[in-house]
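*Asks:* my questions are about this predicted structure, shown below with the sequence.
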Amino acid sequence: MSAVPGDVAALAPLLEERLPALGRGVTIAPFGGGQSNPTFLALGSGGEAVLRVQPAGKRLKGAHAVDREFRVMAALHGSRVPVPEMLLSGGEDEWLDRRFIVMQRVEGVVFWDPALPDKTPAERGRVYDAMVTVLADLHDVDIASVGLSDYGRPGNYFARQFATWQRQYRASETGENRDMEQLIAWLDRHLPEDDGTVSLVHGDYRIDNLIFDPEVLAIRAVLDWELSTLGHPFADLAYQCMQWRLPNDGVFKGLGGVDREALGIPDEAAYLAAYCRRRGLARIEGWTFHLAFSFFRLAAILQGIYRRYLDGNAANAETALRYGQTVPVLTALAMAEVERGG
């Protein structure tokens, strides 16, 4: 386990002062595996909390937005979308030269393998039902009533996101990737018109960003909101289904090659139908585009992490290197999806 950077460890007196519920003798230790924003456990005589910090060194513009994480989770606390309670936000001051947030630690289990090998078929069905239910609840949040009307820019969400992640990819590019170039060109030709649909989107909704109750398998908390914004709900939906196409033995454990029916995991059609039923939708239009866009966006994110590895700023160098090696796999899968979809 990596050591705590000295400037992060030096936050302990501040946390002790500002968060009296932690008690005395606060210490900070590594916690979790966050690649984008390093995560730590703050532990005192009276309790514990989770600390997330922007990475040291050069950061791409708009990336590592822990302040946005704080805002959106504070807004959602008490809603049908379960999130930790936000406790403190700070940084870029005399305490630390980059931003940090502190939140409640939510107890429960995180499932790292979407195939859920230790569960029964009935239990797997409950996990996936919980995931689609919370995703639908998220997309039904009244953004005005929770104070998030200005949480994203107006206009075509996919056009904005395509421009953003293309720019981020170019800023962290390390060599030629022909599939990525073909994918960028295809997405550019197939960008959908703005249909006016706007909801709060998580941006990284997948099973290992959720904390589950170990007994009833309900979701206790949705984590890692750094990429959240106002946008099109189908982006979240396709992102989750995109990951199910990834190999189960890769850096990201997916459901590619897994017999979902035998395991009691819904196939894509059933999952989409459940989502549509919960939101009162007739169908999902433009599914090939949404999937291809999800592959592109994830590849751009991982390329940025790989760039930080090369620059010596990765939170976990070994994992960051493996992420970089995954980028061509993602772009190849994307182009295969494009070809299947016509």
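*Replies:* Happy to help now that I have it. Just so you know, these numbers come straight off a predicted model, no measurement behind them.

*Asks:* how about the helices in the stretch 1-150 of the chain?
*Replies:* Using DSSP state H, counting those that start in this stretch, the helices found in the stretch 1-150 of the chain span residues 6-9, 12-18, 66-76, 121-139.

*Asks:* highest average neighbour count across these?
*Replies:* Mean neighbour count, computed with mean count of other Cβ atoms under 10 Å, is highest for helix 66-76 among those, reaching a mean of 21. Just so you know, the C-beta spots here come from the backbone N, C-alpha and C atoms, and that holds for glycine as well.

*Asks:* quick one: the residue lying farthest from the centre of the chain and residue 42, what's the gap?
*Replies:* If you look at how far each residue of the chain sits from its centre, by Cα atoms, centre = their mean, the farthest one is residue 24, at 33.1 Å. The span separating residue 24 from residue 42 equals 13 Å under the rule Cβ to Cβ, to the nearest Å.

*Asks:* equivalent analysis for residue 244, please.
*Replies:* Using Cβ to Cβ, one gets 35 Å for the distance from residue 244 to residue 42.

*Asks:* these two: which has the busier surroundings?
*Replies:* residue 42 (24 against 19; other Cβ atoms under 10 Å).

*Asks:* hang on, the more buried one packs against residue 15?
*Replies:* Yes. The criterion here is Cβ atoms under 8 Å, and residue 42 meets it with residue 15 at 5.3 Å.

*Asks:* list the residues that contact both of these two?
*Replies:* When contacts are counted by Cβ atoms under 8 Å, 6 or more residues apart in numbering, residue 42 and residue 15 have 22, 26, 28, 49, 51, 102 as shared neighbours.

*Asks:* in a markdown table: the residues you listed, plus neighbour count.
*Replies:* Shown next, in a markdown table, are those (neighbours: other Cβ atoms under 10 Å):
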| residue | neighbour count |
| --- | --- |
| 22 | 22 |
| 26 | 22 |
| 28 | 19 |
| 49 | 22 |
| 51 | 25 |
| 102 | 25 |
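
*Asks:* ranges for the strands of the stretch 1-150 of the chain?
*Replies:* Ranges of strands in the stretch 1-150 of the chain, per DSSP state E, counting those that start in this stretch, are 27-30, 39-43, 48-53, 86-91, 99-104.

*Asks:* so, low pLDDT: which residues of the stretch 1-150 of the chain?
*Replies:* Scanning the stretch 1-150 of the chain for pLDDT under 70 picks out the ranges 1-2, 32-36, 57-63.
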